[in-house]
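J.: Predicted model follows, preceded by the sequence.
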Protein chains: 2
Amino acid sequence: MVSDIGEIARRAGVSRSTVSYVLTGKRPVSEGTRRRIQAVIDEVGYRPNASARALREGRTHTVGLVIPPATGHLTGVQLGFVAGVVEAAARADLDVLLSPSGGEHERSFERIVDGRRVDGVILMEIRLEDDRVTRLRRSGLPFVTIGRTAQPHGMSWVDVDYAGLIARCVGHLADLGHEHIALVNRSAELVAAGYGPGNRARSGFVRAVAERGVTGVDVCCGDTAADGEACVDQLLAAHPRVTAIATLNEAALPGIHRALQRAGRTVPHDFSVTGVAAPHWAEDFHPPLTAADIPIEEIGAQAVTLLLERISTPTAEPSHRLYSPPISLRASTGPATRPRTL
Amino acid sequence: MVSDIGEIARRAGVSRSTVSYVLTGKRPVSEGTRRRIQAVIDEVGYRPNASARALREGRTHTVGLVIPPATGHLTGVQLGFVAGVVEAAARADLDVLLSPSGGEHERSFERIVDGRRVDGVILMEIRLEDDRVTRLRRSGLPFVTIGRTAQPHGMSWVDVDYAGLIARCVGHLADLGHEHIALVNRSAELVAAGYGPGNRARSGFVRAVAERGVTGVDVCCGDTAADGEACVDQLLAAHPRVTAIATLNEAALPGIHRALQRAGRTVPHDFSVTGVAAPHWAEDFHPPLTAADIPIEEIGAQAVTLLLERISTPTAEPSHRLYSPPISLRASTGPATRPRTL
DNA sequence: ACGGCCTGTCGAATCGATTCCGACAGCGTA
DNA sequence: TACGCTGTCGGAATCGATTCGACAGGCCGT
């Protein structure tokens, strides 16, 4: 049961270093002894101890993934990021260490970063001003963010161009003749806290609305179906002329839909809904959602790729990638019709 | 930048062992030197190297969480388990190492288990016959399963009593006068592969249907809304007398609902739907789903608790816990009415 | 004043692997 | 035959922490 490298060496009648060389292949070992040693290894099912190897090599072959603490209600998009990261890491023979951070569990973050438990870190849910980013910068540990801060220069990141995508949604709706368009954002707390996508989406919305000469109203909305329902109830009451919604709030979508239905607005005949969402969500929605489909898993995988770059050549110029996928036309948008209440 | 324990010792003018003792507190250190050492530690921001500590102590303070590889479409229930595990682990100052396993990424599992990267493992998505379980048994590494095999004796597990819960759903529907009840199971592949919940739910259904003297039809269904829609389409065509569905397939629920709507069956007036789901899903559904609410996060946390027990006292008798929450009456079930088509 | 105890600290071994350096065997060549 | 070279292998240092045994000094007692 105690299978150390010395045990293997003893059984094979060689020294520990020779066993190590057949393990790592960093020096030639004659065919005969190589096979003898390999036989012993297979027989006892030996695997080198990961801690010892990490200590000696200075590399843990592990990446940290910092996720928001309220894992219970992760967005579909966030989930896709996690899935993409995990899959890509597995393909690269890397393990993923999870760290629920940003809330009360600060210890986890510190353990992972300061204790050198990982070779690099991937950060999600970036704020425009993010102290985790500044701490990582100081620590010198390679890291990549999914999302970007207000000043992303000098670091590697991948992000979705929410500003541009929401603007394109507005353009699409305006092309269809809609003159009163609403943006259903993420929660007010998130936006106020400087959450990147929420703030960028809003500014993109404001800009596009102005450019197209339509009127726009932007509202915040919690991340549940119930929130979406309440939000749209209020929206329709306060702004009855609104005939279209653009949103980046996936979780609220079912509620948005129910509120519209209850108000007698049928999608896409009476009312149009579009936005930016994970492909899976958009297709599974009813009616299928016209939306900019975020390649979520690819983004997660790309984050791993960038992180590996930073780990292997920390002095190289950091790189980044901004995703701005086209809008997939489905069944949730149509030409504007005048609301019956007018 | 290179902050080793020797560096701290040198700066404080003591030996490495003394620094270690103020770190671990395993031997008394005089007030004066303790404060001097602590000052140096705070000044340079020193943290002990986790790999070195793990090597020496033989414990990594990390647990492995083996998840199904297709992380893209994890169930809400599965997500809740993961969230519960992560939260509970963080509270216990444990880190979580993710391993997408069961598919192509076998290397991840082996690295984690054989390389002693973790102190214990939590396994999800258990099959009635599960070779990961047998491998873990052989390895001697402490582990806990969420779900249980056909022969769960001698190991620690937590599970949901799908058989009992589905039976209770059937009872509830029979009480309401429904005489033709369908079970919408998980996918045929999963059930055929010996997936525990699917098989236990089916046997519970068959038993309950027999006991209550109603007729039952059980069908399998993929894990998407589209699958659910297609499944119910076929079901209604083949068995028009069915007036109620019990299901454990959360992801198919929106599709089930749409198919019913399209067929002119309104819930709960014309048709009843119930089953077992995560509370969040059941409440967010429309209409709110009468269902047995699985305390998902608590189950994940309980798995961590049991794992810690096995790690601290490996010789103790393994324990287990079967969850069988009551059915929460909401708005998706009602008295049976004769289908109009008859 | 001296032996013994207790407190605080140090030196060195240890965990399990990697890797540099030197040794040695076998072979070819002058 | 002697020399040098190449291909293999063993010895020992090293990574960064923990921990056991030893020891120096201060305090007490008789």
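T.: Thanks, I have it.
J.: and the stretch 51-200 of chain A, which of its residues are near DNA strand C?
T.: Residues of the stretch 51-200 of chain A found near DNA strand C (CB under 7 Å from any atom of the strand) are A:52, A:53, A:55, A:56, A:57. C-beta: built from backbone N, CA, C; applies to glycine.
J.: While we're on the third one, how confident is the model there?
T.: With respect to pLDDT, residue A:55 has a value of 97.
J.: same question, residue A:340
T.: 49.
J.: do the same with residue A:164
T.: Looking at residue A:164, its pLDDT is 98.
J.: what's the helix or strand harbouring it packed up against?
T.: Assessed by DSSP states H and E, residue A:164 sits inside helix A:162-175. Applying 3 or more CB pairs under 8 Å, 6 or more residues apart in numbering or on different chains; DSSP states H and E, one finds that helix A:162-175 contacts strand A:180-184, helix A:196-212, strand A:244-247, strand A:272-277, strand A:290-293, strand A:327-328.
J.: redo that, cut-off 6 Å
T.: If contacts are counted by 3 or more CB pairs under 6 Å, 6 or more residues apart in numbering or on different chains; DSSP states H and E, helix A:162-175 sits against helix A:196-212, strand A:244-247.
J.: list the buried ones in the first one?
T.: Read it as helix A:196-212. A:196-202, A:204-209, A:212 (16 or more other CB atoms under 10 Å in any protein chain shown).
J.: Adding mean pLDDT, write the helices and strands packed on helix A:162-175 out as TSV.
T.: Formatted as TSV, the helices and strands packed on helix A:162-175 follow (pLDDT from 0 to 100):
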stretch	mean pLDDT
helix A:196-212	97
strand A:244-247	98
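J.: Quick one: closest of these to chain B.
T.: With CB to the nearest CB as the criterion, chain B lies closest to strand A:244-247 of those, at 16.7 Å.
J.: and that closest one, what does it pack onto?
T.: helix A:162-175, strand A:180-184, strand A:272-277.
J.: Any part of the helix or strand of chain A with the lowest mean pLDDT near chain B?
T.: The least trusted helix or strand in chain A, going by mean pLDDT, DSSP states H and E, turns out to be helix A:279-284, with a mean of 86. Yes: using CB under 6 Å from any CB of the partner chain, we find that helix A:279-284 touches chain B at residue A:284.
J.: So what touches that helix?
T.: With CB atoms under 6 Å, 6 or more residues apart in numbering or on different chains as the test, helix A:279-284 has contacts from A:76, A:250, A:289, A:291, A:293, B:225.
J.: Quick one: which of those residues has the lowest pLDDT value?
T.: residue A:76 (85).
J.: Look at the residue nearest to that residue when sequence neighbours are not counted and report its pLDDT.
T.: Setting aside the residues directly before and after it, residue A:76 is nearest to residue A:278 in space (CB to CB, 6 or more residues apart in numbering or on different chains), at 4.5 Å. Looking at residue A:278, its pLDDT stands at 92.
J.: what about the stretch 201-342 of chain A, any weak spots by pLDDT?
T.: A:338-342 (pLDDT under 70).
J.: domain assignment for chain A?
T.: A:5-48, A:62-160+A:296-323, A:162-293 (automatic domain parsing).
J.: Okay, and the residue nearest to the spatial centre of chain A sits in which element?
T.: Compute the mean C-alpha point of chain A, and by CA atoms, centre = their mean the closest residue is residue A:81, 3.6 Å away. When elements are assigned from DSSP H and E, residue A:81 belongs to helix A:76-91.
J.: ok, and what's touching that helix?
T.: Contacts for helix A:76-91 (CB under 6 Å, 6+ apart): A:63, A:65, A:96, A:122, A:146, A:250, A:278, A:281, A:296-297, A:300-301, A:304, B:71-72, B:98, B:100, B:105, B:108.
J.: Could you do stretch A:114-131 as well?
T.: Against stretch A:114-131 from outside (CB under 6 Å, 6+ apart): A:59-60, A:62-68, A:85, A:97, A:112, A:142-147, A:149-150, A:194-196, A:303, A:307, A:311, B:47, B:49-50.
J.: Please apply the same query to stretch A:293-304.
T.: By CB under 6 Å, 6+ apart, stretch A:293-304 touches A:77, A:80-81, A:83-85, A:88-89, A:122, A:144, A:146, A:158, A:160, A:278-279, A:282, A:321, A:325, A:328.
J.: what comes up buried for it?
T.: Buried, per 16+ other CB under 10 Å, within stretch A:293-304: A:293, A:294, A:295, A:296, A:297, A:298, A:299, A:300, A:301, A:302, A:303, A:304.
J.: Identify the residue spatially nearest to the fourth one, adjacent ones excluded.
T.: Distances taken as CB to CB, 6+ apart place residue A:80 nearest to residue A:296, at 2.8 Å, with adjacent residues excluded.
J.: Quick one: residues contacting the residue of the stretch 51-200 of chain A found nearest DNA strand C.
T.: Residue nearest to DNA strand C within the stretch 51-200 of chain A: residue A:52 (3.4 Å; CB to the nearest atom of the strand). Neighbouring residues of residue A:52 by CB under 6 Å, 6+ apart: residue B:55.
J.: quick one, phi psi at it?
T.: Per-residue torsions, residue A:52: phi -60, psi -40 (degrees, to the nearest 10).
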